[in-house]
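> with the sequence up front, the predicted model follows.
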Amino acid sequence: NAGVTQTPKFQVLKTGQSMTLQCAQDMNHEYMSWYRQDPGMGLRLIHYSVGAGITDQGEVPNGYNVSRSTTEDFPLRLLSAAPSQTSVYFCASTESDSGVYEQYFGPGTRLTVT
Amino acid sequence: QQQVKQSPQSLIVQKGGISIINCAYENTAFDYFPWYQQFPGKGPALLIAIRPDVSEKKEGRFTISFNKSAKQFSLHIMDSQPGDSATYFCAASYSGYALNFGKGTSLLVTP
C-alpha cells in the first residue's frame, strides 16, 4: 500500500510552458483533491473530484485543469505556466470513516516557474 | 478571503510546557474542524478532528477545544516535546472534504 504518490518531486518550468503533475492513490478513495502551499498562506484548494468523471473547482482554480478518468489517478495540468504558480503542490485522497474525514497527502511537488 | 484565521504565526515553548494554537471561522455552515501537523519536506498529516456537537476532544497529549457560539477552536498540546516541533494547520469544512486551511503556526519546542 503506497498511499498517495506524486511525480515529479521537483520541476522547473519557463513561463508559458505546460506540464502535468501526476497523482495516484491505491486506497480506493473516491474523493481526491489538489492544494497549493505558499509561504505564510497555508494550503489552498485548487480542484477536487468526488469520483471518476466528476471534478469541481476549489478556491484557486485559474490556470489549472484536472480530469479524473479512473479512481486511482488525478492529474493536475498547468496550461501556460506563470511565475505566480511557483509553489508546492499537494495531492490528497480522503477516507471517510464514522464521521472522520482523513485526508492523506502525498509528498508534494515543488514547482518553480521562471 | 481567508475563511479560517489562525494565531499565532509562530510559537516557542519549553519542553514539558503547553502549546496553544487558536483558530476562528466565520462560516456557520462549517461542521468539521481538523488539525494537521506538517514536518519540513512532508505533506500534512491529520492530528485530531472535532465536530461542533462536542466542546472538547482529547487524543493523548492533543486536545481540541471548541466554542461554537464564539466560532473559535483551539489546539492544546500538553507536555510539549521537541519532536512536536512542526507546523500546525487548523482547517474547517462543511463537507469533510474541501478543507479551508488557516495559514499555519510554526511551533518550536526547546529542550
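Thanks, I have the structure now.
> tell me the confidence at the residue of chain A most remote from its centre?
Computed with C-alpha atoms, centre = their mean, the maximum C-alpha offset from the centroid of chain A is found at residue A:98, amounting to 25.5 Å. Confidence per residue is given as pLDDT, and for residue A:98 that number is 75.
> would you agree residue B:65 is in contact with residue B:74?
Yes. At 5.0 Å, residue B:65 and residue B:74 qualify as touching, with contact defined as C-beta atoms under 8 Å. All C-beta atoms are positioned from the backbone trio N, CA, C, and that covers glycine.
> about what we covered before: roughly how far does the residue farthest from the centre of chain A sit from chain B?
For residue A:98, the distance to chain B (C-beta to the nearest C-beta, to the nearest Å) stands at 11 Å.
> how about residue A:78?
Applying C-beta to the nearest C-beta, one obtains 20 Å for the distance of residue A:78 from chain B.
> and that residue, bridged to which residues?
Beta-bridge pairing of residue A:78 under DSSP bridges involves residue A:19, residue A:64.
> that one is in contact with residue A:64, isn't it?
Yes. Assessed by C-beta under 8 Å, residue A:78 is found in contact with residue A:64 at 6.3 Å.
> anything in contact with each of the two?
Residues touching both residue A:78 and residue A:64 (C-beta atoms under 8 Å, 6 or more residues apart in numbering or on different chains): none.
> neighbours of residue A:61, how many?
The tally of other residues near residue A:61 (other C-beta atoms under 10 Å in any protein chain shown) stands at 16.
> go on, residue A:112?
Burial of residue A:112, expressed as a neighbour count using other C-beta under 10 Å, amounts to 13.
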